[in-house]
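Visitor: need a 3D model of the following:
(one chain, ligands or ions: 1)
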Amino acid sequence: MRKVPPRLLLLFAISLLLFVFSSSHAADFQTPWAKKVVASDTFTGKVVGVSDGETISVMRVGRAVKVRLHGIDCPEKGQPFGKRAERFTSEMAFGMEVEVQIKTTDRYGRIVGEVILPDGLSLNKDLVHAGFAWWYRKYAPNDRTLKALEAGARAKKGGLWADKNPIPPWEWRRGERGRQAKKKQVSGFYHGNIKSRLFHKPGCRYYDCKDCTATFKRREETIKAGYRPCKVCNP
Ligand SMILES: [Zn+2]
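Guide: Numbering: from 1, shown residues only. Below is the predicted model of the structure:
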């Protein structure tokens, strides 16, 4: 048998190595959505602000970005335990270096993610466990962990579950919008522009103008106060 020259053997070995190396890289580029991207969807930064129980500001490449905690919903500030939820988040996370695992962005373009505290635990889960947040079923329908944590907090009557009938924040917000609209109607039907002295009825494009700060229940009151009807809405 003819002997293979050692130089040819070496060349073969090198090209084999190169082939394996390049094909493994090619595989990575072919599936960028598989593993590589997950790492870049996580960032670490200091918590520099707490807006409420489920919204914090985290430093990312030199600037603070808003992060909404994924899969949970804290009671609003006007609800029982709303302030407590905010304090809980403050105490757990403010000034800490946290890891943000981005899940998605919301309709305001804010990051929605899971926040991992320096002790390795999830702030999202901690909040639900302590009874300061609900499992946000609508946005994390398949999250069995959050579901179980909420059930546990309910059973222990921890935090907001001390109340017999706590109102889910998403229902409360809906009610609050209705209450605000009603309040506006009761407090004043006509809006008067304090500069132009014209007054408008609801539906007019000038109704909520910058200087339309005077409100009146009745038309006569408005005229008695020295306002003239607007020509657009003819109140
Ligand atoms: Zn008008």
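
Visitor: the bottom helix or strand of the chain by mean pLDDT?
Guide: One helix or strand of the chain scores below all others by mean pLDDT, DSSP states H and E: helix 36-40, with a mean of 43.

Visitor: and the next element down the chain from it?
Guide: Using DSSP states H and E, the helix or strand that follows helix 36-40 towards the C-terminus is strand 42-52.

Visitor: mind giving me the packing neighbours of whichever helix or strand comes after that next one?
Guide: Once the chain leaves strand 42-52, the next helix or strand it forms, by DSSP H and E, is strand 55-60. Other elements packing on strand 55-60 under the criterion 3 or more Cβ pairs under 8 Å, 6 or more residues apart in numbering; DSSP states H and E are strand 42-52, strand 63-69, strand 97-105. Glycine gets a C-beta too; all of them are placed from N, C-alpha and C.

Visitor: name the element the residue lying closest to residue 196 once chain neighbours are set aside belongs to?
Guide: In space, and not counting its chain neighbours, residue 196 is closest to residue 211: 7.1 Å by Cβ to Cβ, 6 or more residues apart in numbering. Counting by DSSP H and E, there is no helix or strand that carries residue 211.

Visitor: residues making contact with stretch 163-178?
Guide: 73, 74, 75, 76, 78, 79, 80, 81, 134, 136, 138, 160 (Cβ atoms under 8 Å, 6 or more residues apart in numbering).

Visitor: buried stuff in it?
Guide: Across stretch 163-178, burial judged by 16 or more other Cβ atoms under 10 Å covers 166, 168, 169, 172.

Visitor: just the pLDDT for the second one.
Guide: Read it as residue 168. As predicted, residue 168 sits at a pLDDT of 96.

Visitor: check the last one too.
Guide: The predicted local distance difference test score for residue 172 is 92.

Visitor: residues of this structure that sit close to the ion?
Guide: With Cβ under 5 Å from the ion as the criterion, the chain meets the ion at residues 200, 204, 206, 230, 232, 233.

Visitor: what residues are up against the closest residue to the second one other than its chain neighbours?
Guide: By that I understand residue 204. In space, and not counting its chain neighbours, residue 204 is closest to residue 233: 3.4 Å by Cβ to Cβ, 6+ apart. If you count contacts by Cβ under 8 Å, 6+ apart, residue 233 has them with 200, 201, 203, 204, 206, 207.

Visitor: hmm, try it at 6 Å
Guide: Counting by Cβ atoms under 6 Å, 6 or more residues apart in numbering, residue 233 touches 200, 201, 204.

Visitor: show me the strands in the chain, by range?
Guide: Here the chain has its strands, by DSSP state E, at 42-52, 55-60, 63-69, 72-73, 97-105, 111-116, 134-135, 190-192, 198-200, 214-216, 228-229.

Visitor: would JSON lines of those with distance to residue 153 and mean neighbour count be doable?
Guide: Converted to JSON lines, the strands of the chain look like this (distance: least, Cβ to Cβ, whole Å; neighbours: other Cβ atoms under 10 Å):
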{"stretch": "strand 42-52", "distance to residue 153": "19", "mean neighbour count": "16"}
{"stretch": "strand 55-60", "distance to residue 153": "21", "mean neighbour count": "20"}
{"stretch": "strand 63-69", "distance to residue 153": "16", "mean neighbour count": "19"}
{"stretch": "strand 72-73", "distance to residue 153": "11", "mean neighbour count": "27"}
{"stretch": "strand 97-105", "distance to residue 153": "22", "mean neighbour count": "17"}
{"stretch": "strand 111-116", "distance to residue 153": "18", "mean neighbour count": "21"}
{"stretch": "strand 134-135", "distance to residue 153": "9", "mean neighbour count": "24"}
{"stretch": "strand 190-192", "distance to residue 153": "45", "mean neighbour count": "26"}
{"stretch": "strand 198-200", "distance to residue 153": "49", "mean neighbour count": "24"}
{"stretch": "strand 214-216", "distance to residue 153": "44", "mean neighbour count": "18"}
{"stretch": "strand 228-229", "distance to residue 153": "57", "mean neighbour count": "15"}
